[in-house]
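**Student:** Here is the input, now give the coordinates:
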Amino acid sequence: MNTMEKQHIHDLFLEKKYLELYKTQSATLNEMLLVNSQQKFEDYLKNEDFLKEDIFWLYYATVQGESLLIGGYEEDATSKVSAFLKGHLPETIFAGIQKYLQDIYVDIDDRDNLQEKIEICNQLLSDSGYYILIDSDDTYCALAYFLSVKRR
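**Tutor:** Here you go, the predicted model:
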């Protein structure tokens, strides 16, 4: 998406034109709010009447394939995390961290080692020009993590 389109989305947030936003960004809003239709979105707005733009951009990146959404109760996320990182890092760089991407477990009520595993990977990536960013949010549903690969 280009800068003008992102600015248009931002303007819709500023003006609180959420129904207009839904018309072009329904996939993102459906994922974010766990709704599946405009009617359910309208019901949400009747009850809440707010949307957080910063949270929208986390989900937007997921819908665009730029980040990975991991639910707080995902449990074994090893293959999901590995596949995402393999697709977003150069092959030689991914090969250097691949063996550390084993037994990644996400469960906010039990054991959760996602952040610990990503910290290890980021230490290994320190000279590569890449790092893995973890964001989290629990505004609209149970805790969700968002992984993305960034260039230094």
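
**Student:** and this structure, what are its domains?
**Tutor:** Domain segmentation of the chain under automatic domain parsing yields 3-64, 70-151.

**Student:** export these to a markdown table and tack on mean pLDDT and mean neighbour count?
**Tutor:** The way it works is simple: take the backbone N, C-alpha and C, and place the C-beta from them, glycine included. Output for the domains of the chain, formatted as a markdown table (pLDDT from 0 to 100; neighbours: other C-beta atoms under 10 Å):
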| stretch | mean pLDDT | mean neighbour count |
| --- | --- | --- |
| domain 3-64 | 95 | 15 |
| domain 70-151 | 93 | 16 |
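
**Student:** show me where the protein has helices.
**Tutor:** 3-14, 18-33, 38-47, 53-63, 78-88, 91-97, 114-124 (DSSP state H).

**Student:** Dump those into CSV; add distance to residue 70 as well.
**Tutor:** Putting these into CSV (distance: least, C-beta to C-beta, whole Å) gives the following:
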stretch, distance to residue 70
helix 3-14, 24
helix 18-33, 13
helix 38-47, 23
helix 53-63, 10
helix 78-88, 7
helix 91-97, 17
helix 114-124, 7
